[in-house]
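Chemist: Give me coordinates for this.
(4 chains)
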Protein chains: 4
Amino acid sequence: MGIIGASGYGGGELIRLLKAHPGVELVGFSSRKHEGKPLSSAWPQLWDKGLFATLEEVLEQADVVFLALPNGLAMELTPRALEEGKRVIDLSGDFRLPPEVYESWYGIPHKSPGLYREAVYGLPELHRKELGGARLVANPGCYVTATTLALAPLAAEGVLRGAFVVGLSGVSGAGREGEGTFFAEVNENLKPYKVGGTHRHIPEMERNLGRLLAQGRPVRTHGPLGEVRLSFVPHLVPMTRGILVTVEAEVEGNWSQKALDELYQDFYAQEPFVRITEALPETKGTYASNRVDVKPLYEARTGRVMVFAALDNLVKGMAGQAVQNLNLMLGLPEETALPKEGLWP
Amino acid sequence: MGIIGASGYGGGELIRLLKAHPGVELVGFSSRKHEGKPLSSAWPQLWDKGLFATLEEVLEQADVVFLALPNGLAMELTPRALEEGKRVIDLSGDFRLPPEVYESWYGIPHKSPGLYREAVYGLPELHRKELGGARLVANPGCYVTATTLALAPLAAEGVLRGAFVVGLSGVSGAGREGEGTFFAEVNENLKPYKVGGTHRHIPEMERNLGRLLAQGRPVRTHGPLGEVRLSFVPHLVPMTRGILVTVEAEVEGNWSQKALDELYQDFYAQEPFVRITEALPETKGTYASNRVDVKPLYEARTGRVMVFAALDNLVKGMAGQAVQNLNLMLGLPEETALPKEGLWP
Amino acid sequence: MGIIGASGYGGGELIRLLKAHPGVELVGFSSRKHEGKPLSSAWPQLWDKGLFATLEEVLEQADVVFLALPNGLAMELTPRALEEGKRVIDLSGDFRLPPEVYESWYGIPHKSPGLYREAVYGLPELHRKELGGARLVANPGCYVTATTLALAPLAAEGVLRGAFVVGLSGVSGAGREGEGTFFAEVNENLKPYKVGGTHRHIPEMERNLGRLLAQGRPVRTHGPLGEVRLSFVPHLVPMTRGILVTVEAEVEGNWSQKALDELYQDFYAQEPFVRITEALPETKGTYASNRVDVKPLYEARTGRVMVFAALDNLVKGMAGQAVQNLNLMLGLPEETALPKEGLWP
Amino acid sequence: MGIIGASGYGGGELIRLLKAHPGVELVGFSSRKHEGKPLSSAWPQLWDKGLFATLEEVLEQADVVFLALPNGLAMELTPRALEEGKRVIDLSGDFRLPPEVYESWYGIPHKSPGLYREAVYGLPELHRKELGGARLVANPGCYVTATTLALAPLAAEGVLRGAFVVGLSGVSGAGREGEGTFFAEVNENLKPYKVGGTHRHIPEMERNLGRLLAQGRPVRTHGPLGEVRLSFVPHLVPMTRGILVTVEAEVEGNWSQKALDELYQDFYAQEPFVRITEALPETKGTYASNRVDVKPLYEARTGRVMVFAALDNLVKGMAGQAVQNLNLMLGLPEETALPKEGLWP
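Modeler: From the prediction side, this is the model:
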């Protein structure tokens, strides 16, 4: 294994998880900023004498490459990696959307539009089958994973029409040294941001749910698409890790708590990392684990259907999911090196 | 002035605010737990040699009494205070709802049902006129104040039908030593609670907005009532002070950002403590101030109308509002001793 | 009054405090970054329609100017301001040390060395007398204020030889967008920094205490100096405001708790903002107030003398102290516009 | 393995660590409060259908028993467990001190004084040899582990005379629902507590270092004792996990940074969980790991010797250390199931 972009939070978590992975070897990791320096120059928590390699070295030595880079770089690097016979797991948004959709939401031209049809969408709960043979995986992020898994059973059932999605995220979701994330400005503060239909993850959520609506499960990345229209209202919460989505679902038909519980229990019965909770999910319950806790709720008083879903944005919402995809790609047991138990307190 | 229940957060804030109030004198404060002890036994932040008095002493000496007590006690004390010619500002829920509604949501019998018709609802932005002559004021709390002010313009306009209200609250809203609020369980955690139409403040929000729907503004506490049906979904956020409500409003008619802005600007044009912000409200912007920051938003992509409102739950959501009501009751300038500027960072 | 550098934390606090000051008028505030923009572009918590002015405009309109600038700029601006007949309160380190000492610890050449002898050191508890007539005040910062006041009674008594000072500071002490203060890196983290005798505030602490040792109280800024040798070990604590110093004092003679209590009570008996606490000081007890809480402790088991001191680094450790100095310079009551009561919780 | 007292933080961490341990099986865990209830009633982070057993069941089924109980209970249970042929790892203070010392510092009579001479002190870095055959291990806590490891090289070298130890601890050190640890009282607050030579862990620190002084390393629990006199000044820091000790050591002889570095590097060269860092230790660097980061520092300006040590109080300071002791007792590789890599951010 190799990691390109190993000094950001995604890269750091990948190092931590892969070092404890019995079935693979981490042969190199690179960071433009820390090239040639010891791991400790970027990471106080990792005890290793290794040095950051160059991108070239990582590409040469590894057979599977994780790209943990800002949007726009993976689409430059991936063609070359694939040509050299490597398999790629990309943590950015570059291969998650059709190039034309990508360009309109991300505002940058796509440099490898042809590769989109090659990419498998890396959400194991929906695309497990496709992931086995994948050469290129587009690993989804935290908000999209939580929202998709929160609504997937209703979409696959064919009753989902739209949703009002309130996203609540810890600060690490903005990346290391993320804009506007200074402690004194964030602590004892809570704020919405990028509201009004402007967040880039909206088309990805709508497409994930639209595919389920059109195809049921299992889902093919490039299969047909139904229409689900979401409002997504993200907020920044004064904590480091964890996201929670609180969703009001617009659904057809008459529901009850019992019917919702059965639908969700059945849909996720075989999933190793999705738990339908009795209590309401809380982010700390998933801390440092690869689990998603989900709870559907029928409010008799108003007839509304709500869903709550919590996960650790750096594990199931990022690096853990990438390792889960790796396990599936390599035919290893899916749960290898991925904790189901969280850290408390 | 006197404060009964001065060792809780509401009482502590009242002491702080009243000590800086040039127009009134704080003659006594009581706490069953700290009776006879110095103020410093309960409050490290207050520099005062005063002792906690008995309830009797406070009732005797003060002409206006603030009751900062758990629900159920104010309805025992108030009849006596009024008989002795005192005026009462009650921070609990005891006089905010008709006795029969109170009993069904709070699960305790009401001991002074007759006084409800005497009580004026203490939300100055809607009831300013009534408050001048009030003997008994039912001071509303943080969630209700934020939600009511977020939706009041739409209700008064007659177009509000319902709402999905996501409440996000700091921990101090649960009171001093509130259940489940230990640091190690709350920090780096985020969770919904009391969802599914069970939160006691729902009927109060619905009645406030229903009165506006039926009466327009100004609102009479005991006037006619229209119907507004809310879902209220509160969450606990790892911070001490501050609440934010993120509201999806169900409204009639076609709206635009411009129309919403005008409606809100007009409605609150004369208000000393309500600011319609350009940027999205954040809780820290109102920290330690008596301000509410409100922002309506029209989402063109989905046609949804949203409103965001932030305030400090212990000031405008509690003790500051009580002092604002005091100023109105006594005919003092409404802004006296109430900061409009927040503390940052 | 005018403020130059009004978009940093010191400037923001000065605006908040001066707006509530009945005896002065804030006629202008400038920020290079926000010039011509509304106050809200920098400060979500301030409700004001005012615009950031240019430095020239502030210098022209104000008779007293607060300089809230990074080190090195005040020594450029001050000569001009004084020539134009303004009085200056400088919040930076530029006039706190003799030019040659400044140059060796700050590593930059001093541009107005002659003005040092004009500057009065702005610690009211020691220099009250001098401050009345001052044209130029060098306002000390948080660590120095806390450490000096923690040890002043022992120094003035002539028994202090040295100290091991552990400084514990919230993040706002590093300034707005301070290096290394991103939330995800700071929260759930605690670390020492700049240890080993390298922190710039060491010579200032040693000189303050050395002057007391040589002169007793009251102290003259430019009077004789005794020798006190400190180790200063600062730490970054995951909170926004507040500093605590925990000090082990090397003292001559035999001490007891009683003797220490009496010495400290007597020394600070007339001080409006210093409280000798019975309980151990905690930073939250001074939050948003101009108070310092101090507690000396004799440990019988080892014979050691310790002192604890807590204050709000942005108020008594910065802007509040500057306003206290202003009040003294103008002959106004010293406590004007300065809260003695903290914010809790 | 069995855990008695599995609903506190020590117990929860033990469950998490032992579930990932390939060499042992967790056969039962008990909690008086949660008896017969599912694990999820106490722990939102653990995904397991198991039920809390009774103490009897755990004692019967397990061959090694972890006691994660409040002080005073282990000394009641241990005799019985040993009689039944179990081996015991006790996380409380009951067997860490000679009964007469225990009684004077803990204020309760010791019920199994005879067992003290049987107990091995469970600090692997000093007592590794003894731990192999131990039937009863007294597992030390966070402050003692950090302070002892910070000063051990100086003590073993024979030069340590005393120390001024500033302890800085996250809130979880006070236990689940620890007194005075409510979020709103702790967040944005920092305070010393139990100062003045009153903290129970002082005699344990002094004895650990005294043994090293008298015996060098390896240390025998019941061997001779030299004298080291400490001042210990603990503080509560607004974070959940992590402790840092900042120590001023009183040492004989002349030192330099080079000499200190060599002494510490040599002393800990073979240790799997102690790292002598180049940078200053920070608590987050050890988060969720079993590592201790240590840094000695010679301050040329004053001639003082300081040491900084950081660890995770619930892992190396509690449950991780207990698992390390287990591994040694059972002759398993010492590092099994114990992460050396921390969680960041």
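
Chemist: doesn't A:Gly133 fall inside a helix?
Modeler: No. Counting by DSSP: H, G, I helix; E, B strand; the rest coil, A:Gly133 is not part of a helix but coil.

Chemist: Give me the phi and psi angles of it.
Modeler: phi -100, psi 10 (degrees, to the nearest 10).

Chemist: burial of it, as a residue count?
Modeler: The local packing of A:Gly133 (other Cβ atoms under 10 Å in any protein chain shown) involves 10 other residues. (Each C-beta comes from the backbone N, C-alpha and C, glycine too.)

Chemist: separation between A:Glu157 and A:Leu126?
Modeler: In this view, A:Glu157 and A:Leu126 are 14 Å apart by Cβ to Cβ, to the nearest Å.

Chemist: quick one, which of the two is more surrounded?
Modeler: More crowded of A:Glu157 and A:Leu126, by other Cβ under 10 Å: A:Leu126, with 25 against 16.

Chemist: Next one: the more buried one from A:Asn325, what distance?
Modeler: Taking Cβ to Cβ, one finds A:Leu126 at 12 Å from A:Asn325.

Chemist: ok, now which ones touch the spatially most distant residue from the centre of chain A?
Modeler: In chain A, the residue that sits farthest from the middle, by Cα atoms, centre = their mean, is A:Arg301; the gap is 34.1 Å. If you count contacts by Cβ atoms under 8 Å, 6 or more residues apart in numbering or on different chains, A:Arg301 has them with B:196-197, B:229, B:231.

Chemist: repeat that with 7 Å
Modeler: For A:Arg301, the contacting residues are B:Gly197, by Cβ atoms under 7 Å, 6 or more residues apart in numbering or on different chains.

Chemist: How about the secondary structure of the nearest residue to A:His199 once chain neighbours are set aside?
Modeler: Distance criterion Cβ to Cβ, 6 or more residues apart in numbering or on different chains; nearest residue to A:His199, sequence neighbours excluded, is A:Phe232 at 5.3 Å. Following three-state DSSP, the label given to A:Phe232 is strand.

Chemist: from what I can see A:Phe232 touches A:Ala163, true?
Modeler: No. With contact defined as Cβ atoms under 7 Å, A:Phe232 does not reach A:Ala163; the gap is 8.7 Å.

Chemist: Burial check on A:Thr198, number of neighbours?
Modeler: Look at A:Thr198: counted by other Cβ under 10 Å, it has 13 neighbours.

Chemist: Would it be right to say that it lies in a strand?
Modeler: No. A:Thr198: not assigned to a strand; according to three-state DSSP it is coil.

Chemist: residues touching it, list them.
Modeler: Applying Cβ under 7 Å, 6+ apart, no residues contact A:Thr198.

Chemist: quick one, phi psi at it?
Modeler: phi -110, psi -10.

Chemist: Same question for A:Arg304.
Modeler: Dihedral angles (degrees, to the nearest 10) for A:Arg304: phi -80, psi 150.

Chemist: A:Thr246 versus that one, what's the distance?
Modeler: 12 Å.

Chemist: Could you give the secondary structure assignment for the closest residue to A:Phe52 other than its chain neighbours?
Modeler: Leaving aside its sequence neighbours, A:Phe52 sits nearest to A:His34 (Cβ to Cβ, 6+ apart; 4.4 Å). At A:His34 the chain is in coil, as set by three-state DSSP.

Chemist: can you pull the pLDDT of A:His34?
Modeler: We note a pLDDT of 97 for A:His34 in this prediction.

Chemist: got it, and A:Asp48?
Modeler: Value for A:Asp48, per-residue pLDDT: 79.

Chemist: go on, A:Glu341?
Modeler: pLDDT, read off for A:Glu341, is 95.

Chemist: quick one, what contacts it?
Modeler: Per Cβ under 7 Å, 6+ apart, neighbours of A:Glu341: A:289, D:16, D:19, D:45-47.

Chemist: ok, now with 10 Å
Modeler: Neighbouring residues of A:Glu341 by Cβ atoms under 10 Å, 6 or more residues apart in numbering or on different chains: A:286-291, D:12, D:15-17, D:19-20, D:43, D:45-48.

Chemist: Just the buried subset of these, please.
Modeler: Buried members of these, counted by 16 or more other Cβ atoms under 10 Å in any protein chain shown: A:286-291, D:12, D:15-17, D:19, D:43, D:45-47.

Chemist: so which of the residues you listed are also by chain B?
Modeler: For chain B, the contacts drawn from those by Cβ under 10 Å from any Cβ of the partner chain are A:Tyr287.

Chemist: Where helices are concerned, which of the buried ones among the contacts of A:Glu341 count?
Modeler: Under the assignment DSSP state H, the buried ones among the contacts of A:Glu341 contribute D:12, D:15-17, D:19 to helices.

Chemist: Among the buried ones among the contacts of A:Glu341, which one lies nearest to chain B?
Modeler: Comparing the buried ones among the contacts of A:Glu341 against chain B with Cβ to the nearest Cβ places A:Tyr287 closest, at 6.8 Å.

Chemist: just checking, that closest one touches B:Asn189?
Modeler: Yes. Contact criterion Cβ atoms under 10 Å: A:Tyr287 and B:Asn189 qualify, at 8.2 Å.

Chemist: Between these two, which contacts overlap?
Modeler: Both A:Tyr287 and B:Asn189 are contacted by A:239, A:241-242, A:310, A:344-345, D:44, under the criterion Cβ under 10 Å, 6+ apart.

Chemist: Reformat the residues you listed as CSV; add secondary structure, neighbour count and distance to chain B.
Modeler: Converted to CSV, the shared contacts of A:Tyr287 and B:Asn189 look like this (DSSP: H, G, I helix; E, B strand; the rest coil; neighbours: other Cβ atoms under 10 Å in any protein chain shown; distance: Cβ to the nearest Cβ, whole Å):
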residue, secondary structure, neighbour count, distance to chain B
A:Met239, coil, 29, 5
A:Arg241, coil, 30, 7
A:Gly242, coil, 33, 6
A:Ala310, strand, 33, 8
A:Trp344, coil, 27, 8
A:Pro345, coil, 23, 4
D:Pro44, coil, 25, 9
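
Chemist: Show me what A:Ile276 bridges to in the sheet.
Modeler: A:Val294 (DSSP bridges).

Chemist: can you give me the strands for the stretch 101-250 of chain A?
Modeler: A:120-121, A:136-138, A:160-169, A:191-192, A:229-236, A:243-251 (DSSP state E, counting those that start in this stretch).

Chemist: Which stretch among those is buried most, on average?
Modeler: strand A:136-138 (a mean of 27; mean count of other Cβ atoms under 10 Å in any protein chain shown).

Chemist: List, one by one, the residues from chain A near chain C.
Modeler: So far as Cβ under 10 Å from any Cβ goes, chain A lies against chain C at A:9, A:44, A:170-178, A:180-189, A:191, A:236, A:238-241, A:314.

Chemist: and the nearest residue to A:Ala152 once chain neighbours are set aside, how many neighbours?
Modeler: Once flanking residues are discounted, A:Ala152 sits nearest to A:Leu212: 5.6 Å by Cβ to Cβ, 6+ apart. Using other Cβ under 10 Å, A:Leu212 has 26 neighbouring residues.
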